[in-house]
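Undergrad: Just need the structure, nothing else, for what follows:
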Amino acid sequence: MINRRNFITNLFALYFLNLMPKMACAFEIIAVRIWPSKEYTRLAIEHLDKNIKIKYSNEKNPDKIIVDIFHVKVNRKNLSKLIKVNLKNTPVEKISVVSSKADHSKIIFYTSPLTRARISSIPSIAHYKERLVIDFIPHTPKDRLLSFLKEYESAKKLNERKRLQKEVKKRITIAIDPGHGGEDPGAIGRRGTKEKDVVLEIAKRLKRKIEKNPRFKVYLTRNNDYFVSLRNRIKRAKRANASVFVSIHADAWVRPEARGASVYILSDKGASSEAARWLANKENLADLVGGEIVNKNSEIAKTIFNMSTSAQIKNSSFLGKEVLNELANISRLHKKTVEGAGFAVLKNPDIPSILVETAFISNPREEARLKNSFHQEKIASALNNGILTFISNSRLRL
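TA: Predicted coordinates for the structure are as follows:
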């Protein structure tokens, strides 16, 4: 039992301990991953330290981005994980680390001139621990002569387009959205097959099939292995002036015997089943898994995510039925009717939008089929037929 004297002594000890400066501990890095792309390069540092305090700054001569991490030191083992990362095809030229005698470390990224950085700290989610995510956005210098030539070519193409529009009807743009990407692998099969890789391959095959008809143009929301947030997938489809939006995925379930294809649309009346609700919640977490801080107070996000109309949902249902009918010809269906739930990526105002789960990647047999190029072609053909049938029966028909 603690007597009064011991209690007061312990209380004073705790008080003085709190006044003492925090000692720096080792910054435990689990992994360092990098995802180069033309738009930006994402570097993700996965670590074990919760609530790290960071700040960053830019310096010139040479150009560098400095990230200060307080109350931690980077030891030799963790340092090697940072400096050994492959920087090829990125705006980052070199990485170095300085641990000061005080209580913090500096990670210094030597970059190409005028490279911007976007930095965020992501809490642990799914199979990831805490992450420090840094996006390096390269500067594209403006060449006056090149700009003039581009403007001249644009004007020339515009005049040519106007001439062609008199001869043929307007081309229809179809947005194909390969799910996940970059830091977000999506579902992973027992043999290590990643959803993000399979759906990108199917999307590229589908693009080739659709564009065999010169009156159609396909816009891919991502054409390589990099992360695109759900909101930006919507924005990109809108900027491309897409008339149809198809998001391609490969489902997963805790039981390996689950199999078959499904098609989903946005629902304004709640999920059509518990499975649909579960899937929508899982897919909507893609932003956090991919390393994106979701600002729930963003007015832009609110506007985009609340603009979907009943007409869009109705047209999406027609599109979904045509695609589901075609998928039934090549594989078993998991759900024989189009289901609905609150998928964030389908909240595309005025654009018929569907999410296709091509198969269960968690099923070993279906995982093998998804990796097979012949079966990928069959899926692409089914999606192509369903999309074109919908267009021919709608106001979009040529």
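Undergrad: if we look at the strand or helix carrying residue 288, which residues are touching it?
TA: Assigned by DSSP states H and E, residue 288 belongs to helix 286-289. Contacts to helix 286-289, defined as C-beta atoms under 8 Å, 6 or more residues apart in numbering, come from residues 122-123, 125-126, 128, 179-180, 183-184, 186, 229-231, 294, 345. In short, each C-beta sits where N, CA and C put it, glycine included.
Undergrad: Try it again at 10 Å.
TA: With contacts defined as C-beta atoms under 10 Å, 6 or more residues apart in numbering, helix 286-289 is touched by 122-128, 131, 179-181, 183-186, 227-233, 249, 282, 292-294, 344-345.
Undergrad: and it, how far from the chain's centre?
TA: Remark: helix 286-289 is offset 7 Å from the chain centroid, using C-alpha atoms, centre = their mean, to the nearest Å.
Undergrad: cool, stretch 223-231 as well?
TA: Centre-to-centre, stretch 223-231 and its host chain are 4 Å apart (C-alpha atoms, centre = their mean).
Undergrad: I'd like the mean pLDDT over it, please.
TA: For stretch 223-231, the mean pLDDT works out to 91.
Undergrad: before we move on, back to that, which of the contacts of helix 286-289 fall within strands?
TA: Members of the contacts of helix 286-289 lying in strands (criterion: DSSP state E): 122, 131, 249.
Undergrad: What about these, which one has the most neighbours?
TA: Comparing the ones in strands among the contacts of helix 286-289 by number of neighbours (other C-beta atoms under 10 Å), residue 249 comes first, having 28 neighbours.
Undergrad: any idea how far the closest residue to it other than its chain neighbours is from residue 241?
TA: Distances taken as C-beta to C-beta, 6 or more residues apart in numbering put residue 179 closest to residue 249, at 4.3 Å, once the chain neighbours are dropped. Separation of residue 179 from residue 241 (C-beta to C-beta, to the nearest Å): 22 Å.
Undergrad: Look at those two and report which has more neighbours.
TA: Neighbour count, other C-beta under 10 Å: between residue 179 and residue 241, residue 179 has more, with 28 against 14.
Undergrad: So the more buried one sits against residue 250, correct?
TA: Yes - taking contacts as C-beta atoms under 10 Å, residue 179 lies within contact range of residue 250: 8.0 Å.
Undergrad: shared neighbours of the two, which are they?
TA: Both residue 179 and residue 250 are contacted by 186, 187, 195, 196, 198, 199, 356, 357, under the criterion C-beta under 10 Å, 6+ apart.
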